[in-house]
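Novice: Structure for the following, please:
(chains A, B, C, D and E, ligands or ions: 31)
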Amino acid sequence: MKTVRPHKSRTVGLSPGTLKENKNPENNSVVTVMSYNATSLEERTISSLDELHKYKSADAVSWINIDGTEDSESLKKIGEIFNLHPLLLEDISTAEQRPKMDEFDEQLFTILNMLSFNSEKNCITVEQVGIVLGSNYVLSFQEAGGDVFDPNRNRIRNNKGKHRKYSADYLFYTLIDTIVDNYFIILEKIGERLEDIEDSLISEPTNDILNDLYKIKRELILLRKSIWPLREVLMKFEREEYELITDSTQTYFKDVYDHTVQIIDTLESFRDLSGGMLDLYMSSISNRMNAVMKVLTVISTIFIPLSFLAGIYGMNFDYIPELKWKYGYFGFLASCLTILIAMLFYFRKKKWL
Amino acid sequence: MKTVRPHKSRTVGLSPGTLKENKNPENNSVVTVMSYNATSLEERTISSLDELHKYKSADAVSWINIDGTEDSESLKKIGEIFNLHPLLLEDISTAEQRPKMDEFDEQLFTILNMLSFNSEKNCITVEQVGIVLGSNYVLSFQEAGGDVFDPNRNRIRNNKGKHRKYSADYLFYTLIDTIVDNYFIILEKIGERLEDIEDSLISEPTNDILNDLYKIKRELILLRKSIWPLREVLMKFEREEYELITDSTQTYFKDVYDHTVQIIDTLESFRDLSGGMLDLYMSSISNRMNAVMKVLTVISTIFIPLSFLAGIYGMNFDYIPELKWKYGYFGFLASCLTILIAMLFYFRKKKWL
Amino acid sequence: MKTVRPHKSRTVGLSPGTLKENKNPENNSVVTVMSYNATSLEERTISSLDELHKYKSADAVSWINIDGTEDSESLKKIGEIFNLHPLLLEDISTAEQRPKMDEFDEQLFTILNMLSFNSEKNCITVEQVGIVLGSNYVLSFQEAGGDVFDPNRNRIRNNKGKHRKYSADYLFYTLIDTIVDNYFIILEKIGERLEDIEDSLISEPTNDILNDLYKIKRELILLRKSIWPLREVLMKFEREEYELITDSTQTYFKDVYDHTVQIIDTLESFRDLSGGMLDLYMSSISNRMNAVMKVLTVISTIFIPLSFLAGIYGMNFDYIPELKWKYGYFGFLASCLTILIAMLFYFRKKKWL
Amino acid sequence: MKTVRPHKSRTVGLSPGTLKENKNPENNSVVTVMSYNATSLEERTISSLDELHKYKSADAVSWINIDGTEDSESLKKIGEIFNLHPLLLEDISTAEQRPKMDEFDEQLFTILNMLSFNSEKNCITVEQVGIVLGSNYVLSFQEAGGDVFDPNRNRIRNNKGKHRKYSADYLFYTLIDTIVDNYFIILEKIGERLEDIEDSLISEPTNDILNDLYKIKRELILLRKSIWPLREVLMKFEREEYELITDSTQTYFKDVYDHTVQIIDTLESFRDLSGGMLDLYMSSISNRMNAVMKVLTVISTIFIPLSFLAGIYGMNFDYIPELKWKYGYFGFLASCLTILIAMLFYFRKKKWL
Amino acid sequence: MKTVRPHKSRTVGLSPGTLKENKNPENNSVVTVMSYNATSLEERTISSLDELHKYKSADAVSWINIDGTEDSESLKKIGEIFNLHPLLLEDISTAEQRPKMDEFDEQLFTILNMLSFNSEKNCITVEQVGIVLGSNYVLSFQEAGGDVFDPNRNRIRNNKGKHRKYSADYLFYTLIDTIVDNYFIILEKIGERLEDIEDSLISEPTNDILNDLYKIKRELILLRKSIWPLREVLMKFEREEYELITDSTQTYFKDVYDHTVQIIDTLESFRDLSGGMLDLYMSSISNRMNAVMKVLTVISTIFIPLSFLAGIYGMNFDYIPELKWKYGYFGFLASCLTILIAMLFYFRKKKWL
Ligand SMILES: [Mg+2]
Ligand SMILES: [Mg+2]
Ligand SMILES: [Mg+2]
Ligand SMILES: [Mg+2]
Ligand SMILES: [Mg+2]
Ligand SMILES: [Mg+2]
Ligand SMILES: [Mg+2]
Ligand SMILES: [Mg+2]
Ligand SMILES: [Mg+2]
Ligand SMILES: [Mg+2]
Ligand SMILES: [Mg+2]
Ligand SMILES: [Mg+2]
Ligand SMILES: [Mg+2]
Ligand SMILES: [Mg+2]
Ligand SMILES: [Mg+2]
Ligand SMILES: [Mg+2]
Ligand SMILES: [Mg+2]
Ligand SMILES: [Mg+2]
Ligand SMILES: [Mg+2]
Ligand SMILES: [Mg+2]
Ligand SMILES: [Mg+2]
Ligand SMILES: [Mg+2]
Ligand SMILES: [Mg+2]
Ligand SMILES: [Mg+2]
Ligand SMILES: [Mg+2]
Ligand SMILES: [Mg+2]
Ligand SMILES: [Mg+2]
Ligand SMILES: [Mg+2]
Ligand SMILES: [Mg+2]
Ligand SMILES: [Mg+2]
Ligand SMILES: [Mg+2]
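Specialist: Ligands and ions are numbered 1, 2, ... in the order given. Below is the predicted model of the structure:
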């Protein structure tokens, strides 16, 4: 799981809007384009960034996806082609931004965290995605390859859904919607683990529960950091009027906004639930400790005085009259039994037994 | 009790507004109609959805109740007849939505959680209900058969109350009002259990208290998730002006809004109370542990040193002068008694006895 | 003390505005009237509700007090005479309403909780009071006989204060003011008990403290449920303009609003204080447990090894050379003393002694 | 330290605006006047309240300070001279008011808590001060003699600062500013004690820490009750326009408002810090308990079984073969040593040693 | 690390706007100037404050940095030259101000906390910086020499970035931006320490963890006190219109505002995380205590009764029949073994082993 630590120190001291120049050929951006209208679809990988110019003025909706945000040369070039503000580019190239939304002269820009559940490694992966909405194009900048957008691509290819009929703002919305939908999968996984913990809490509490609850707490903190600002972003899309977003698409933004609120409600429920489980676990530890102590106390309280009694008659004084009595030994045993029974009554009265 | 886990993953990747197509004849929707005005009442179960057309333009108020929201074919058909937005239908067909309210061109739409206490299984059942208010009709979509609306049906049948005189918005209100009223029954049940726990806390605390308090915590979390958004929904009905809702009905919405606030107040009180009970329980455990430890310590502190003393005179050294003394044994007993009494004084001074 | 559990289930399923018909002659309402102006005062108990008609149009301020809200016939009759909304009557006849304020065409209506300290039973009694302000009358509906308004009655009788000179809204204010003043008495009682607990916490903590703190917590929860909505009600009277309330009376509402804020501040302080006391108590338990454990450990750690040593020389092996030594016994005692002293030094170094 | 308990019960049942008549010659108010303009200064103690009339219309700024608010006759008289509202007088004569600000036709009125550190008794003293700002006069009502205003008096006498040049609103401001400045001294004292506690927590935690932290908690609660409403009061002075307050003075109110926010920030920090210290203390107790328990367990676990072994060979059975063996005793000692060493290894592995 | 205690008491009683006169030659302010436009750059240290006059009307942007704020003579002189309000000067000369922003007729003024990580002493140093923005100059007042602005100076010198092209408001922004960027370094250090604690919590919890978590808590409190008001300051710069700040610079203020929100999010995450770690640590202590107690109880419960049994047959009664039996000893050993095995089964069933 990604850590919560920020790694922004490298840019400290640079002029605002400056892109880092750690040019490494392995990090070259990979740019793919899907350009479509109701009747045609072009899908390709770009070899030279100059090819992008035509999509800016095309009579089609173009989705330009850029994988890899450390290639500052390419970012600058794309920025020039689409007239992107330096601060926008800086945000894209800086990992671990807070999700947010900015309005520029010709574009709307949003930064989101794309969460996906990696079922192989059984962990959550987080990738920052910056999405730019222009008049007839959408730019999506991802930190690295691999994303959750395959269903979107398939819907465009199959001419299903409303993708091919609507304009770029609808594409912009569907990308965000897909990202938000994937939060539900993460929540479902966490919910399953919480139920497992709950079951084991009641049947047979083990020490692993503590670590499991702590890990869930960490993941909930990570999710909170992503979803609260995302809700703010979507509230803006729902409430405010933007030229680039049509009325019919804004209705859809209300829907995805509702989803973020639902996610937050579920997050808070999980938080309360896991807090309740921790309480339950802690008190059951105390209860078990109490039970242990009672056993120790009962045994000790009964046998330590009896041992002392036995010790007395094990002494080697020349003159201990009881030792000479005929029924001394049996009298001793009877005394012990009496003491034992009295003790048991006492403990029963105290509800220790 | 329903779990708090969301089950939305099945719709991830689908185009927004798409209904799931898991068509299973067992899940076919059952549609019933009550159509009435001040003088007449028609009550029937629909066999073909085409029969619904006439209620849209009838000179009567029509309450069309649909049980079963997994029958996507029927939902689509009903959607066409009453001109419902695809997102509205998607919300209806998706379980575990957050309660909310949406305004469409021709309708008001709200999603609520209908809670009812199942006295057989001694549990709370939750069912999602979507209610659509049109000009002269109300559509209620339920996940499955069985609901809390029988009193409403009886009032319409008996021509009691204001139902038969008022328009569709009043019917819409009474359905919501009945749902909210049922929250009070749930609260009453929880309140009774809290009182039981409180009584047993003071008289004779047992370990079951922990599990009981945790279960109540779970139920309060579930209730919170339903009632807070419901309050938001009703605040809108109370505060804002809608064409479909008359002024006289809006007064009634203020009343039901007050009820949600009262429910929330009681919920928060229950939360505080159960928190206080947990504190009380935890500290009483600590107190009892303390009492147990004191007994152990008093007994051990008195008898372990005495046993050592007895052990000394049980040794087999050739030369232990005390063993020869005539009153050695009685001197030993007197010493033990002295130590015992001194110890008891000490513990009494320390308030351990 | 009244419980926090709602008892609304009886009205579930009834049409909104319906009054329960559990007509029981014992519950007949008792209606008394004080009708006064600057020069005259009429004070009487009503035998027939028809007598109330004249007070609606009288040239005097009339305070009509109704004790008993289960007599639905009388409520309906009064409602007809003074033209009261059905929802208003429903609120009055339903116990455990949330304090609130409603504006109707001809009246202002408020529901409050009247708290009084019952010094005989040493408990807080809560009674719901509904007050209706009309143009020249005030209706006060109480659940049962007995209230805190005697000082108000005396001021009217004695022609002291401003009562007899001012109009109905001033009477309305003074009733609310008296109710709020009584909250301070409750707070004072709780404050005294908190001080007692604090004293005993520092001098001699007992287990009763836990129950006392829990009881105070319960009472604070009850008070919170009454005072927070009351503050909302009074904020409306202070901030908004109502035809029925004159400017000079509104100044007085600001004063009583200030009192509710002060009550809330004190409530929150009490909550924090009692939380702090619980912490203090819990930690002092831990501390005492620690002290107990140290005594046990010191004694055990010293004498258990010594007992073992004595046990060795109590063995009956044929050949144990030490037993034959002349100073074996005294050597043994010296060893024990050495170990004892070493142990004491060790514990002193560890600060256990 | 003043307790947090309200003492308002005496006024319950009185007509609003009524002053208590507990006339006691000892409580007679002492009235002093400083009347000044840029060129002249008159400073005196008033013997007859009628002398106050002239200051209302004087061509100078007059500061009239009244010590003692239980003298209802004098309060009424002053109220008549300066035309004060009855509710204003009631507030002044009632101790433990919530700090607040009211606007009247001719005056601004504020109630504050004047805190000062009494270095003799090493405690905080709280005194309620009511300040009235008129067109050319300031009235300050104090519960009793003694205040923090001597620096203000000296600045007026020495014609230093801006006092003598500015109008009454600047005097009004400087009094409030001085009161707020004294909160910083209180905070500094609490801060020093927190640092002391922190030092002793790390070096050598004692049980006094609990009481010290609780006392600080009490004082922080007291401070919170004074400073939060004070901040509200000053926010009004900063934000709203009042005829009696000039623009240049309002700039100064912004400064003192900033101070209250800073005080609140520091209060909240202290609260968090003392909470953190309590956590640290509680966990260090648990840690020490753990250490104690380990010692007990190690010693008991080693020597109790060994003692049993010694007990076996101390038995007096006629036939115990080992007792006859030549090296029985040394074999026994060797076994004990082996067990001891094995145990020590085991505990070391478990990290108990 | 700087303490959280305020040290404002020295100014209590002084007239508002008065500067302290603790004139100490060592504390003389050091004033340096960077004055530049697109083509030229002048950089120098000022020997006489009169030289500053020319920068007020120069045709260049001038950054005047003052190190040392205890030199009241110099502050007054600079105040006269640049026409600074007395309250502004007082704020600058008073340490531990709350970060804030004030608008004056000719200037914008802000107070910030400059945090830097001192890698030598491994601690956070805090220095208060007051920054004044005039039409063509920026004044920065620092408590002492040494700051984080060297990257800014270098960018001006190297004519890199936008510094030399833009006006004074851009310089003003870059100073604030650099201060905010340094908060990320602090957060990164704290994040690393939190990860270290987390690692050691899971692998091998030690008692140092408590102190480490407490220290982090202290630092987070310090950071909160600096960053929340800083966010308020930057929100003003982002939202409101100021004559001195151009539109293009305001876009940059939005960026730095976003950073403060991100810092706050991270702070809150750290708070939650360290709270979770404390919970984890405390419960692991309880768990270990439980384990210790179980070992003690198992050993004691088995061997104390057995020792008593051995003690019985070590008694010296004349007549104990068992002692004469031939297989008495072996019977005894067999009984012990039976008891031992029964006990082990019992403990295994109770899950203690
Ligand atoms: Mg940025
Ligand atoms: Mg990533
Ligand atoms: Mg939040
Ligand atoms: Mg929400
Ligand atoms: Mg919510
Ligand atoms: Mg919530
Ligand atoms: Mg939806
Ligand atoms: Mg259901
Ligand atoms: Mg509420
Ligand atoms: Mg509330
Ligand atoms: Mg809440
Ligand atoms: Mg009602
Ligand atoms: Mg009642
Ligand atoms: Mg509340
Ligand atoms: Mg308040
Ligand atoms: Mg408050
Ligand atoms: Mg509050
Ligand atoms: Mg008052
Ligand atoms: Mg006082
Ligand atoms: Mg508060
Ligand atoms: Mg603030
Ligand atoms: Mg603040
Ligand atoms: Mg804060
Ligand atoms: Mg706050
Ligand atoms: Mg200042
Ligand atoms: Mg500094
Ligand atoms: Mg906050
Ligand atoms: Mg935020
Ligand atoms: Mg935030
Ligand atoms: Mg947050
Ligand atoms: Mg909170």
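Novice: going forward, measure contacts and count neighbours with C-alpha atoms only.
Specialist: Will do.
Novice: Domain map for chain A?
Specialist: Chain A is divided into the following domains under automatic domain parsing: A:2-283, A:290-349.
Novice: Go through these and name the closest to residue C:260.
Specialist: Proximity to residue C:260 (C-alpha to C-alpha) singles out domain A:2-283 among the domains of chain A, at 31.6 Å.
Novice: what's the model's confidence in that closest one, averaged?
Specialist: The average pLDDT for domain A:2-283 rounds to 87.
Novice: ok, that domain near chain C or not?
Specialist: No - figure legend: domain A:2-283 not in contact with chain C (C-alpha under 8 Å from any C-alpha of the partner chain); closest approach 14.5 Å.
Novice: Endpoints of stretch A:116-129, how far apart?
Specialist: 13 Å (C-alpha to C-alpha, to the nearest Å).
Novice: Which residue does chain A have closest to ligand 2?
Specialist: In chain A, the residue found nearest to ligand 2 is residue A:127; the distance is 3.1 Å by C-alpha to the ion.
Novice: what sits against the closest residue to that residue other than its chain neighbours?
Specialist: Closest residue in space to residue A:127, ignoring its immediate chain neighbours: residue A:114 at 5.1 Å, by C-alpha to C-alpha, 6 or more residues apart in numbering or on different chains. Contact partners of residue A:114, counting by C-alpha atoms under 8 Å, 6 or more residues apart in numbering or on different chains, are A:126-129, A:147-148, A:179, A:182.
Novice: Out of these, list just those in strands.
Specialist: Of those, the ones assigned to strands by DSSP state E are A:126-129.
Novice: Quick check: the gap between the residue of chain A closest to ligand 2 and ligand 13.
Specialist: If you measure residue A:127 against ligand 13 using C-alpha to the ion, to the nearest Å, the figure is 58 Å.
Novice: what's the neighbour count on that residue?
Specialist: Other residues near residue A:127 number 20, with proximity taken as other C-alpha atoms under 10 Å in any protein chain shown.
Novice: Surely it is in contact with residue A:143?
Specialist: Yes - Residue A:127 is in contact with residue A:143 according to C-alpha atoms under 8 Å; the separation is 6.4 Å.
Novice: check contacts around residue A:276.
Specialist: With C-alpha under 8 Å, 6+ apart, residue A:276 has these contacts: B:214, B:217.
Novice: Same question for the one 10 residues further on.
Specialist: With contacts defined as C-alpha under 8 Å, 6+ apart, the neighbours of residue A:286 are residue B:285.
Novice: quick one, phi/psi of the closest residue to residue A:232 other than its chain neighbours?
Specialist: Closest residue to residue A:232 apart from its sequence neighbours, by C-alpha to C-alpha, 6+ apart: residue A:100 at 7.7 Å. With angles defined as degrees, to the nearest 10, residue A:100 sits at phi -160, psi 170.
Novice: can you pull the contacts of residue A:100?
Specialist: Here residue A:100 is in contact with A:110-112, A:229-230, A:232-233 (criterion: C-alpha under 8 Å, 6+ apart).
Novice: out of those, who's near ligand 13?
Specialist: By C-alpha under 5 Å from the ion, no member of the contacts of residue A:100 lies near ligand 13.
Novice: quick check, nearest of those residues to residue C:68?
Specialist: residue A:232 (51.5 Å).
Novice: Next, count neighbours for the closest one.
Specialist: Neighbour number of residue A:232 under other C-alpha under 10 Å is 16.
Novice: list the buried ones in the helix or strand where it lies?
Specialist: Per DSSP states H and E, residue A:232 falls inside helix A:208-239. Buried residues in helix A:208-239, counted by 16 or more other C-alpha atoms under 10 Å in any protein chain shown: A:209-210, A:213-214, A:216-235, A:237-238.
Novice: Where does residue A:144 sit: helix, strand or coil?
Specialist: State at residue A:144, reduced to three classes by DSSP: H, G, I helix; E, B strand; the rest coil: coil.
Novice: if I read this right, it contacts residue A:68, doesn't it?
Specialist: Yes - with contact defined as C-alpha under 8 Å, residue A:144 counts as touching residue A:68 (4.6 Å).
Novice: Which is the succeeding secondary structure element to the helix of greatest length in chain A?
Specialist: Counting by DSSP state H, the longest helix found in chain A is helix A:247-312. As assigned by DSSP H and E, the chain's next helix or strand after helix A:247-312 is helix A:328-349.
Novice: How about that following helix and chain E, any contact?
Specialist: Yes - Helix A:328-349 comes into contact with chain E (C-alpha under 8 Å from any C-alpha), by way of A:328-329.
Novice: by how many degrees do that helix and helix A:247-312 diverge?
Specialist: Helix A:328-349 and helix A:247-312 meet at an angle of 160 degrees, taking axes from the mean of the first three to the mean of the last three C-alpha atoms, to 10 degrees as the criterion.
Novice: Give me the neighbour count for the one residue in the stretch 51-200 of chain A that gets nearest to ligand 1.
Specialist: Distances between the stretch 51-200 of chain A and ligand 1 by C-alpha to the ion are smallest at residue A:91, namely 4.6 Å. Number of residues near residue A:91 (other C-alpha under 10 Å) recorded here: 18.
Novice: where's it relative to residue D:75, distance?
Specialist: As judged by C-alpha to C-alpha, residue A:91 and residue D:75 stand 66 Å apart.
Novice: Ok, residue A:216 next?
Specialist: For residue A:216 relative to residue D:75 (C-alpha to C-alpha), the value is 64 Å.
Novice: again with residue A:274
Specialist: Distance, residue A:274 to residue D:75, using C-alpha to C-alpha: 60 Å.
Novice: higher neighbour count, those two?
Specialist: residue D:75 (23 against 20).
Novice: For that one, pull up the helix or strand it's in.
Specialist: helix D:72-82.
Novice: Against which helices or strands is that helix packed?
Specialist: helix D:86-93 (3 or more C-alpha pairs under 8 Å, 6 or more residues apart in numbering or on different chains; DSSP states H and E).
Novice: Using CSV, write out the CA atom coordinates for the helix or strand following the helix it packs on.
Specialist: For helix D:86-93, the succeeding helix or strand toward the C-terminus, using DSSP H and E, is strand D:100-103. Extracted C-alpha coordinates of strand D:100-103, given in CSV (Å, rounded to 0.1, in the frame of the first residue of the first chain):
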residue,chain,number,x,y,z
LYS,D,100,-21.6,39.2,25.7
MET,D,101,-22.3,42.5,24.0
ASP,D,102,-25.5,44.4,23.6
GLU,D,103,-26.4,47.5,21.6
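Novice: is ligand 18 contacted by strand D:100-103?
Specialist: No - using C-alpha under 5 Å from the ion, strand D:100-103 stays clear of ligand 18, coming no nearer than 9.7 Å.
Novice: sorry, back to before: nearest to residue B:154 among the contacts of residue A:100?
Specialist: Of the contacts of residue A:100, the one sitting nearest to residue B:154 (C-alpha to C-alpha) turns out to be residue A:232, at 45.8 Å.
Novice: contacting residues around residue A:33?
Specialist: A:42-46, A:62-65.
Novice: among those residues, which are in strands?
Specialist: Checking these against DSSP E, those in strands are A:42-45, A:62-65.
Novice: which non-adjacent residue is nearest the residue of the stretch 51-200 of chain A closest to ligand 1?
Specialist: residue A:97 is the one closest to residue A:91 (C-alpha to C-alpha, 6+ apart), at 6.9 Å.
Novice: Residue A:220 too?
Specialist: residue A:267 (6.8 Å).
Novice: so who does that neighbour touch?
Specialist: Neighbours of residue A:267 in contact, by C-alpha under 8 Å, 6+ apart: A:187, A:220, A:224.
Novice: what helix or strand is the first one on?
Specialist: With secondary structure defined by DSSP H and E, residue A:187 is part of helix A:168-203.
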